[in-house]
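Participant: Got a predicted structure plus its sequence, pasted below:
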Amino acid sequence: MKPLPPSSKIVLRILGRGGAMTHKDIVNKTHCSPRTVRFALKRLKEHELIIEKMNMRDMRQILYLSRSIPLQKSPMAGSVSGS
């Protein structure tokens, strides 16, 4: 795989600090263009460094999360031990 571009590293850092965000939130936090953020998110997905999740408040939007942030447990998810 190709190395991550600088924009992807910035987006990953922002997601790691800020938790789940929409595309628009990421654009506002990074001050990058929407196209640059889309490209960065695409690269991060290819490297399996982020997760896409539907926004339950607005199903038209996708939330992006860093894989390093633990997801909330849902009744459908299996249990994960932490040791």
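Facilitator: Thanks, I have the structure now. Numbering: from 1, shown residues only.

Participant: low-scoring pLDDT stretches of the protein, where are they?
Facilitator: For the chain, applying pLDDT under 70 flags the ranges 1, 68-83.

Participant: now the helices for it?
Facilitator: Along the chain, the segments classed as helices by DSSP state H run 6-18, 23-30, 34-46.

Participant: out of those, which comes closest to L65?
Facilitator: For L65, the closest of those is helix 6-18, at 6.4 Å, according to CB to CB. C-betas here are computed from N, CA, C, even on glycine.

Participant: quick one: the closest one to chain centroid distance?
Facilitator: Centroid separation for helix 6-18 versus its chain: 8 Å, with CA atoms, centre = their mean, to the nearest Å.

Participant: Tell me which residues of it come out buried.
Facilitator: 7-8, 10-12, 14-15 (16 or more other CB atoms under 10 Å).

Participant: Identify, from those residues, the entry nearest to H23.
Facilitator: H23 has its nearest neighbour among the buried residues of helix 6-18 in V11, at 10.1 Å by CB to CB.

Participant: quick one: contacts for the closest one?
Facilitator: Residues near V11 by CB atoms under 8 Å, 6 or more residues apart in numbering: 26, 30, 32, 37, 40-41, 44.

Participant: Rebuild the helices of the chain as a markdown table, extending it with distance to L65.
Facilitator: Formatted as a markdown table, those follow (distance: least, CB to CB, whole Å):
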| stretch | distance to L65 |
| --- | --- |
| helix 6-18 | 6 |
| helix 23-30 | 11 |
| helix 34-46 | 11 |
